[in-house]
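Visitor: I'll drop the sequence and a predicted model, then ask my questions.
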Amino acid sequence: MRVENIELENIRSHVRTKIQFDRGFNCLVGGVGCGKSSVLYSIDFALFGDPLGRSYEYLLREGADTCKVTLQFAHAGKIYTLMRGLRKRGKGIGQDWEQLKFYEEEKLVASTKSEAVAEQLKAIIGLDKEIFREIVWVRQELLKELLNMTPRERQKRLDELFGLSDYEVAWSNLSGFQREYEGEKRAYERDYDIMGMEKLQTEYNKSVQEFSSIEGELQNLKDMFTQVETLLKEADSRLRNLEELRKQTEELGRKEAQLQTNIANTEDRSARLAEDLENKNTSLITLTQRLNSMEAEEKSQREKLQKAGLKSDQSTEELRKYLLTVEEQVRSIGGEQEAVKKEMQSSQRRISSLTAENKCPLCLQTITDDYKKTLLDQMSGENAEREKRVAELQKDLDELEWLQNTVSQVVLSLQTLAPRIEDVKSQMAEARRSMEKLSAEFEEKQKQEKMLREQLAAIRTEIAKFDLTQLESARRLRDKAFMDYSDVKHRLDNAETRKRDLSYKAEELKQRIDNAEQKLNRMKKIEGLLEIVSGIRGAYRSIQPRLRSEFVTYLQRVIQQVLDELVSGTGPALIVGIDEAYSPIVKSEEGFEREVSNLSGGERTLLAFAYRLGLGQLIMQSRTGHGLYMLILDEPTESLGREDGSIDRLAEAISRLKAIEQIIAVTHSEAFAEKAEHVIRVEKEAGVSRVMAER
């Protein structure tokens, strides 16, 4: 794996930064707090996503809600791009899963799920978070961690990294299997069935013989059961038929009683209907007589009309209109008569006036006696005519008044008779309808009574057919058949129960024999497994020290080579030996051994770097199948001074490590950066980091 470039957005002091890396020795140089280590943190975050502590606060820029890292790296001839982001949610900071994307060339191979990205990443480069942070990324504060451990802690930690602890775990786990197998073997040796195999076989053979014997007896009982079951079914069927017939007869008896009741009710109803018909007929005769009397009265009244010279078939309305006409005539004649009488009175006064004096009653002029006589004769003659007219009018008036009185009486009588006649006719019509309905119902009841009597006769005929003695005989036969059936059924059930018990017993014995044989086979296998487990545990116990010895030898050789390159003849040589606890033992050229704690600060840093590099090569080879291709160093010049040339020698040595394809170092030392092939300067201005490549 080789980092090509990395882009930072809102990562600590980096607002928007892109850094290009090359093969060989890359060095990020700058002052304290300018944003160098943030680049290394971003590489770790882009690859694995997990925070170094409990929170992502060390990554997200203050005041920003989101940040993003885009890492591009090369591996096995292909370019990969991995993008991750963070987002602030309330008071917490978490990954922005929408920004999580992993590309192979231009192809998206995983996204949105951290597990899928981690799986793809490990499948491609063979690295996981533990190896990267322990081996590839040598952090400043952890460079001497392994040297400062106790021998026991160091051996345990490195055994885990080399995978040797797996043998210890396997040896311990096999101990549990061994104890389990030994316990199982002891349980089998005390098993009752295994100890009593011969007795189980004898009981099984006896059960099989009894089972064969009971099968013959069971077949005979089944034949007998079939016979008695057939007889019981026949007897039961006959009894059910007779019981059904008895029920039908009882039902017929109930119907007979019901029919008798219905006939009696029908007779009573018929008698009441006949009586009602007789009463209705009497009432109809009475109404007819009343109607005849009223119609005769009406006829008499209309004859009066005929005598008065009027039509007798006129309606009362027409007669009332005629009365109005007569009344008008009476008023007209009366008025005319009154006017004539007034004229007679006025003429009589004039005659009296004219008789008394010779003056004209009209113009009051004096007239002659002859004219007076003539005028008196004329006026007397006119009065005579008027008297005659009054007499004629009185005669007409008398006739009209008689006619008016006659018609009024007739109208009054007709008005009184008309509703009474209609009412009687309505009563007569209702009486006829009621008689028709009663007659129809009476006829229906007569027919119903006849039908009921016919049904009663038929039911009595059916009742007479039932013989109770047949029912009693059938019941006795059925009871005997049931007793025979129950007896054979009981014997058959007992035989089947015995057969089933014997079958269960034989099956149980067979199962116990089979289980005992399986247990015996299992016990033999367990004995073989115990031998195998014991052999494997012995092998695990013997292989772990051998492998550790091989690792120690290789580790010592690599560490010594790195130290020799670091010292490179410019200072006293450090001769390093490694014991079985992976503890370094430093010897001087004179052969004196020194404790690591007694080394100078520069020597301890050089030894820690060489120790880390040697472990990295060995662990990477054992865990991934290839060496250490990339190395990330965070302030490796700790405790080194410029005066003794240790910083220069370390940088020179690192630049000569051609076995490692890419080295990325972070330092504040200008002397260390001078030896790098590619220098990237990081500066900070107004709280924002700026990056520029110098060579």
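Guide: That came through, no problem. Numbers count the residues shown, from 1 in each chain.

Visitor: the longest helix in the protein is where?
Guide: Criterion DSSP state H: the longest helix present in the chain is helix 197-307.

Visitor: Quick one: list the elements packing against it.
Guide: Packing contacts for helix 197-307, counted by 3 or more C-beta pairs under 8 Å, 6 or more residues apart in numbering; DSSP states H and E, involve helix 369-465, helix 468-567. For every residue, glycine as well, the C-beta is placed using N, CA and C.

Visitor: hmm, 10 Å instead?
Guide: Here helix 197-307 touches helix 192-195, helix 369-465, helix 468-567, going by 3 or more C-beta pairs under 10 Å, 6 or more residues apart in numbering; DSSP states H and E.

Visitor: Just want the angle from the helix or strand just after it to helix 197-307.
Guide: Where DSSP states H and E defines the elements, the next helix or strand beyond helix 197-307 is helix 316-356. Here helix 316-356 runs at 30 degrees with respect to helix 197-307, directions being taken by axes from the mean of the first three to the mean of the last three C-alpha atoms, to 10 degrees.

Visitor: Helix 316-356 - contacts with which helices or strands?
Guide: Against helix 316-356 (3+ C-beta pairs under 10 Å, 6+ apart) you get helix 369-465.

Visitor: which residues are in contact with stretch 341-351?
Guide: Applying C-beta atoms under 10 Å, 6 or more residues apart in numbering, the contact partners of stretch 341-351 are 360-362, 375-376, 378-380, 382-387, 389-390, 393.

Visitor: so the longest helix of the chain versus helix 468-567, what angle?
Guide: Going by the same axes, to 10 degrees, helix 197-307 makes 120 degrees with helix 468-567.

Visitor: pLDDT of helix 197-307, averaged?
Guide: Taken as a whole, helix 197-307 carries a mean pLDDT of 85.

Visitor: so that helix versus helix 369-465, what angle?
Guide: Using the same axes, to 10 degrees: helix 197-307 against helix 369-465 is 150 degrees.

Visitor: Tell me how far helix 197-307 lies from the chain's centre.
Guide: 53 Å (C-alpha atoms, centre = their mean, to the nearest Å).

Visitor: what does stretch 9-26 give?
Guide: The answer for stretch 9-26 is 54 Å, by C-alpha atoms, centre = their mean.

Visitor: Please put the alpha-carbon coordinates of it into PDB.
Guide: In PDB, the C-alpha atoms belonging to stretch 9-26 read as follows (Å, rounded to 0.1, in the frame of the first residue of the first chain):
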ATOM      1  CA  GLU A   9     -11.800  19.600   4.800                       C
ATOM      2  CA  ASN A  10     -12.400  21.200   8.200                       C
ATOM      3  CA  ILE A  11      -9.900  18.900   9.900                       C
ATOM      4  CA  ARG A  12      -8.600  20.800  12.900                       C
ATOM      5  CA  SER A  13      -6.600  23.800  11.500                       C
ATOM      6  CA  HIS A  14      -7.000  22.500   7.900                       C
ATOM      7  CA  VAL A  15      -9.900  24.300   6.200                       C
ATOM      8  CA  ARG A  16      -9.100  22.800   2.700                       C
ATOM      9  CA  THR A  17      -5.800  21.100   2.200                       C
ATOM     10  CA  LYS A  18      -4.500  18.600  -0.400                       C
ATOM     11  CA  ILE A  19      -1.200  16.900   0.100                       C
ATOM     12  CA  GLN A  20       0.600  14.800  -2.600                       C
ATOM     13  CA  PHE A  21       2.900  12.000  -1.400                       C
ATOM     14  CA  ASP A  22       5.500  10.100  -3.400                       C
ATOM     15  CA  ARG A  23       7.500   6.900  -3.200                       C
ATOM     16  CA  GLY A  24      10.500   6.900  -0.700                       C
ATOM     17  CA  PHE A  25      11.000   9.200   2.200                       C
ATOM     18  CA  ASN A  26       8.300  11.900   2.600                       C
END
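
Visitor: Now do the same contact list for the residue lying closest to residue 527 once chain neighbours are set aside.
Guide: Leaving out its chain neighbours, the residue that sits closest to residue 527 by C-beta to C-beta, 6 or more residues apart in numbering is residue 185, at 6.7 Å. Applying C-beta under 10 Å, 6+ apart, we find residue 185 in contact with 522-524, 526-527, 529-530.
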